[in-house]
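In: could you work out the structure for the sequence below:
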Amino acid sequence: MAHEPTRRGRGNGSGNGNGNGNANANALYGQSDATLAANEQVRDILHVIFKRKRLIGWLFLTVALPGLIAISMKKSAYLASAKVMISTQRSDPTLQPTDLTKLETIQLNESLVNSEVQVIGSRDLLERVVRVLAASSDGNRPPHVDATGTSFGDQVLSLGQNLAITPIKASNVIQIDYKSSEPSNAARVVNRVVDEYLAYHAVVHGNKGLSGFYDQQQRILQQQLRKAEEALAAFSDTEGIVSPKDEIQATVRMVGEVGSALRDVNTAVAGTEEKIRALRDQIASQPEVVKRSQFLEVNPVITQLGTQLVDRQVDRVNLLRKYTDKDRHVHDNAEEIAELQAELDSEMRDHPTIVTHQMFRTNPIREDRVRTLLDLEGSIREMRARQATLEEELSRSNRHLVTLQQKSIDYDRLDQEVKNRRETYELYVKREQEARISQAMDEQKLINVDVVQRPALPLPKSSTQRVSVAVLLLAGLVVGIAGAFGREYMSRSLRSEYDVGHHLGLPLLGSIGEMPKA
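Out: Here you go, the predicted structure:
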C-alpha cells in the first residue's frame, strides 16, 4: 500500500547484527534516542494531519457549518439588565415608635442575598409578571408569549428560562438580565420584574396581620392588668398597707431609735441605782444632829489663883524693901508664892477653860444627801416608767415589723404581677405601633431593597454570537483532528521508522516514499 512505506521498507539487515545496526544508525544521524523519538513523534503528528486533511475538513464542516448557519440566521439579541441592592434597613429608618424597641436591622450575608434571588425567581412572582404584561394597556404581547397562543404555564416557564438572576459576588447587589430580539420588550419585562419584586418583597416579608394580633393581645392584657390592679388595691385596703418597703424602713428606723433610747434609759437607771446605793451608805455614816456652836471661858479658879499669886508677888517686893531674904516674912511669902504657882500650874494643866453653853442642829450634809436621794428616787421611778413604756413600744414595733415582712411578701407578689402585666401590656402596645408602622411602610414600598439600575433604551446587543462562533469553530477543529487521529491509530500497520525500531528492535535500512496516485 502506498500509505504503508515502513512495512515495505522492512529489509533483511540481520546479518550485521542488532548492535552494529543501531550503532551505525546513531552514528549516521548523530542524535540520541530521546531526541530521535521526539522528532519522530512531531513528524508523525504532522504526517497524520496532512495525510487526513480531507477527513479533518469534512468533520470540521459537519460540526461547525450547521451552527454557523443557525447563528447567521438568528436575529440579534438585546440584553436588558437591572440591579437591586439589599440594604440593612428600610428606606425611612426614622419612623420608629420608641428608642428601646426599634425595628431590627437586617444582618446582611450571602444566604440572605441568595434567598432574595430565589424570591425573584419564584413561581408566584413570575406569574404576577406574566399577568401584568398580558393585561398591559398597550396591547403588546411580551416577547416570551407565542403568537399562536401559548398556555399560561408555558409562558411562565419561558419567562423563567429566559430570565437570568445573578448575585454579584462580595456585594449585596443582585443583577437581573433578560434577552430579547426587541429591545423595548426586553426593557419592559425587566422593569416589570423589578416592580413586581418590590411589591412581592413587601408581601413576603410583611407582617401579614401582625398588627391585628397585637391589638387582640393588647385588649386581653389590658383586662388582666385591671384585675391585677384591683387585687392589689383590695389587699392594700384590707391590710392597711400602702408601701411595705417604706413602712418597713420606717419601722426599722423607729425600732432602732426606741432601742437606742431604751439603752440610754437602762444605762441611766443603772447609774442612778448606783448613786442611790452610794448616798444611802453616806447617809448611814452621817449623824442625824451635829453641834452648831459652843462658848468657852477661863477657869475662875485659875483667875483667883492668878490674882492671889500677883498679890503675894507684890507683897514680896514690899517685904524685900523692909527685910532681907532670910527673914521669916520673906521666907513665908516665898513659900506661899510657890504653893500658889504650883496650884495654878496644876489647874491650868487640868482645867484651863470651861464650857459655859452649847447649840446643836440637824446634820446639813446628811440633809443634803437625803434630799439628793429623794430626787434620785423620783428620777429612777420616772426612768423605770419610761423604761417599761419603751420596752412595750419596742416589743410592739418588733411584732409589727414581723407582720409587715409577712404581708410584704403577698404585697410584693401582687405588685410584681401588676408590674409584669403592665410591662407586657406596654410592650404589646409598642409592638402594635411598630406593626402598624411596618405595615404602612410595606404598603408604601418602603422596604430594604433599593433599585440601583433599570434598563433604558437603547440597549446593548448581546455579545454571545462571537463567543458561539469561536466555540463552534474550535469544536469543529477539535472533532476533525480527533477523527483523523482516531482513524489513523485504529490501523495496526507500522507508520514510521520510529515504530520499526521501537516495536521490532531492528535497524531500518531504507524506506520507500508514498507514490501519488495517477
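
In: which positions in stretch 222-242 come out as buried?
Out: Buried residues in stretch 222-242, counted by 16 or more other CB atoms under 10 Å: Gln224, Leu225, Ala228, Glu229, Leu232, Phe235, Ser236, Ile241. Yep, even glycine has a C-beta here, placed from its N, CA and C like the rest.

In: and the residue nearest to Ser180 when sequence neighbours are not counted, how many neighbours does it have?
Out: Nearest residue to Ser180, sequence neighbours excluded (CB to CB, 6 or more residues apart in numbering): Ala186, at 3.7 Å. By other CB atoms under 10 Å, 26 other residues sit near Ala186.

In: name the element Ala186 belongs to?
Out: helix 183-205 (DSSP states H and E).

In: the very next helix or strand once past that helix - what's its average pLDDT?
Out: Going down the chain from helix 183-205, the next helix or strand is helix 210-239, by DSSP H and E. Averaged over helix 210-239, pLDDT sits at 84.

In: just checking, what packs against helix 210-239?
Out: With contacts taken as 3 or more CB pairs under 8 Å, 6 or more residues apart in numbering; DSSP states H and E, helix 210-239 sits against helix 364-443.

In: got the buried residues for the helix holding Ala186?
Out: By neighbour count on 16+ other CB under 10 Å, the buried set for helix 183-205 is 183-197, 200-202, 205.

In: now the helices for the stretch 51-200 of the chain?
Out: 53-73, 110-120, 123-134, 152-162, 183-205 (DSSP state H, counting those that start in this stretch).

In: okay, those helices, which one's buried deepest?
Out: Mean neighbour count (mean count of other CB atoms under 10 Å) peaks for helix 183-205 among those, with a mean of 20.

In: who does that helix touch, helix- and strand-wise?
Out: The contact analysis (3+ CB pairs under 8 Å, 6+ apart) places helix 183-205 against strand 78-86, helix 110-120, helix 123-134, strand 173-180, helix 364-443, strand 449-453.

In: check the ones you listed for me: which has the lowest mean pLDDT.
Out: Among the helices and strands packed on helix 183-205, strand 449-453 scores lowest, with a mean of 81.

In: what is the subsequent helix or strand relative to that one?
Out: Next helix or strand after strand 449-453 toward the C-terminus (DSSP H and E): helix 464-489.

In: quick one on the thing from earlier: okay if I get the helices and strands packed on helix 183-205 as TSV plus distance to Ala261?
Out: Below are the helices and strands packed on helix 183-205 laid out as TSV (distance: least, CB to CB, whole Å):
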stretch	distance to Ala261
strand 78-86	75
helix 110-120	73
helix 123-134	84
strand 173-180	81
helix 364-443	6
strand 449-453	76
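
In: CA atoms only: put stretch 234-243 into CSV for me.
Out: This file holds the C-alpha atoms of stretch 234-243, laid out as CSV (Å, rounded to 0.1, in the frame of the first residue of the first chain):
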residue,chain,number,x,y,z
ALA,A,234,-58.1,45.3,97.7
PHE,A,235,-55.2,43.7,99.6
SER,A,236,-53.8,47.1,100.4
ASP,A,237,-57.1,48.4,101.7
THR,A,238,-57.7,45.2,103.8
GLU,A,239,-54.3,45.0,105.3
GLY,A,240,-53.7,48.8,105.6
ILE,A,241,-50.5,48.7,103.6
VAL,A,242,-49.6,51.3,101.1
SER,A,243,-45.9,50.9,100.6
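
In: what's in contact with that stretch?
Out: Contacts to stretch 234-243, defined as CB atoms under 8 Å, 6 or more residues apart in numbering, come from residues Glu247, Leu404, Lys407, Ser408, Asp410, Tyr411, Leu414.

In: what's around Ser260, how many residues?
Out: Residue crowding around Ser260 was assessed by other CB under 10 Å; the count is 11.

In: just the one 3 residues further on next, same as before
Out: For Arg263, the count of nearby residues is 11 (other CB under 10 Å).

In: confidence score at it?
Out: At Arg263, pLDDT is 92.

In: and if you look at the one 5 residues further on?
Out: Looking at Ala268, its pLDDT stands at 91.

In: tell me the SS of it?
Out: Secondary structure state of Ala268, per DSSP: H, G, I helix; E, B strand; the rest coil, is helix.

In: ok, now which ones touch it?
Out: When contacts are counted by CB under 8 Å, 6+ apart, Ala268 touches Met383.

In: make residue 1 into 55 and carry on from there
Out: Sure, I'll start numbering at 55, so the last one becomes Ala322.

In: still on that earlier bit, with just CA atoms, put the helix holding Ala240 into CSV.
Out: The C-alpha coordinates for helix 237-259 follow below in CSV (Å, rounded to 0.1, in the frame of the first residue of the first chain):
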residue,chain,number,x,y,z
PRO,A,237,-35.1,46.0,23.0
SER,A,238,-38.4,47.6,24.1
ASN,A,239,-39.9,44.3,25.2
ALA,A,240,-36.7,43.3,27.0
ALA,A,241,-36.6,46.6,28.9
ARG,A,242,-40.4,46.3,29.7
VAL,A,243,-40.0,42.7,31.0
VAL,A,244,-37.1,43.6,33.3
ASN,A,245,-38.7,46.7,34.6
ARG,A,246,-41.9,44.8,35.3
VAL,A,247,-39.9,42.1,37.1
VAL,A,248,-38.3,44.8,39.3
ASP,A,249,-41.6,46.4,40.1
GLU,A,250,-43.3,43.2,40.9
TYR,A,251,-40.3,42.1,43.1
LEU,A,252,-40.6,45.3,45.1
ALA,A,253,-44.3,44.7,45.7
TYR,A,254,-43.8,40.9,46.3
HIS,A,255,-40.9,41.5,48.7
ALA,A,256,-43.2,43.6,50.9
VAL,A,257,-45.8,40.7,50.8
VAL,A,258,-43.3,38.0,51.6
HIS,A,259,-41.5,39.9,54.4
